[in-house]
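Engineer: return a 3D structure for these sequence lines:
(2 chains)
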Amino acid sequence: GNSVTQMEGPVTLSEEAFLTINCTYTATGYPSLFWYVQYPGEGLQLLLKATKADDKGSNKGFEATYRKETTSFHLEKGSVQVSDSAVYFCALRSNTGNQFYFGTGTSLTVIP
Amino acid sequence: ETGVTQTPRHLVMGMTNKKSLKCEQHLGHNAMYWYKQSAKKPLELMFVYNFKEQTENNSVPSRFSPECPNSSHLFLHLHTLQPEDSALYLCASSGNGATNEKLFFGSGTQLSVL
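Structural biologist: You can find the predicted model right below:
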């Protein structure tokens, strides 16, 4: 079956620290992989995506590389800002339909 | 603004009440979804509609009843809910095909069942 496992939070970092949020997946076939972000009081928004092995998705200084050999899609940012405080969700979309599978979400708080 | 609008934003209801959640999208998408977001749990897919036809029902209790009258509107009818149904209910939509595979989410309805 399809599933996503991401590191549990909450994560608290100082401004300008390096961020890694781990995500691994189980999937049949060749899924697309996503990171979504949820700011307080809002729905989820797409942050970045990768559709095939070795692709790197990037946006707003965040990056994640689709690693088929380790079934991972870890999110990284070199220098976080207070405005990055949010909940981050790793997700996959199977290539056989319209199903999206999400992880539990990781809450990030960045302090000045 | 994602193009997906949910109402109401907040809802408090008793276990004997009947209420409905509404979702509307004007993005021209053909697929619409209901998700349940509870603390410390993965986002739970509840229902999927594709071209107004239900294509997924993830073993959701019958006290949740979806309705999709057209590709732009999606409802979730609620009756005799339990306190453990309190959660954030998110609606989402997506297009079809490789170029339209991301989900667009509404802001959600925060539901409290007393």
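
Engineer: kindly report the residues of chain B close to chain A.
Structural biologist: B:2, B:4, B:6, B:31, B:33, B:35, B:40-43, B:45, B:48, B:50, B:55-56, B:90, B:92, B:94, B:96, B:98, B:101-103, B:105-108 (Cβ under 8 Å from any Cβ of the partner chain). No exception for glycine: its C-beta is placed from N, CA and C like everyone else's.

Engineer: do that again at 7 Å, thanks
Structural biologist: Chain B comes close to chain A at residues B:2, B:31, B:40-43, B:45, B:48, B:50, B:56, B:90, B:94, B:101-103, B:105-108, as judged by Cβ under 7 Å from any Cβ of the partner chain.

Engineer: so who does residue 112 touch?
Structural biologist: All of this is about chain A. Shown in contact with residue A:112 (Cβ atoms under 7 Å, 6 or more residues apart in numbering or on different chains): A:15, A:82.

Engineer: my question was about chain B
Structural biologist: Contacts for residue B:112 (Cβ under 7 Å, 6+ apart) come out as B:12, B:86.

Engineer: quick check, it in a helix?
Structural biologist: No - Residue B:112 is assigned strand when assessed by DSSP: H, G, I helix; E, B strand; the rest coil, not a helix.

Engineer: in strands, which of the residues of chain B next to chain A appear?
Structural biologist: B:31, B:45, B:48, B:50, B:56, B:90, B:94, B:105 (DSSP state E).

Engineer: helices along chain A, start to end?
Structural biologist: Using DSSP state H, chain A contains no helices.

Engineer: so which bits of it are right by chain B?
Structural biologist: Within chain A, the positions near chain B by Cβ under 7 Å from any Cβ are A:32, A:34, A:42-46, A:49, A:89, A:93, A:98-100, A:102-104.

Engineer: check which helices and strands the helix or strand of chain A with the lowest mean pLDDT sits against.
Structural biologist: In chain A, the helix or strand scored least confidently by mean pLDDT, DSSP states H and E is strand A:100-102, which has a mean of 89. Secondary-structure packing of strand A:100-102 (3 or more Cβ pairs under 7 Å, 6 or more residues apart in numbering or on different chains; DSSP states H and E): strand A:3-6, strand A:86-93.

Engineer: beta-bridge partners for the residue most central in space within chain B, please?
Structural biologist: Taking Cα atoms, centre = their mean, the centroid of chain B lies closest to residue B:34, which sits 2.8 Å from it. For residue B:34, the beta-bridge partners are residue B:47, residue B:91 (DSSP bridges).

Engineer: for it, what are its contacts?
Structural biologist: Contact analysis of residue B:34 by Cβ under 7 Å, 6+ apart lists B:46, B:47, B:66, B:74, B:76, B:89, B:91.

Engineer: endpoint to endpoint, stretch A:100-112 covers what distance?
Structural biologist: By Cα to Cα, to the nearest Å, the extent of stretch A:100-112 from end to end equals 35 Å.

Engineer: in it, what's buried?
Structural biologist: Using 16 or more other Cβ atoms under 10 Å in any protein chain shown as the test for burial, stretch A:100-112 gives A:100, A:101, A:102, A:103, A:104, A:105, A:106, A:107, A:108, A:110.
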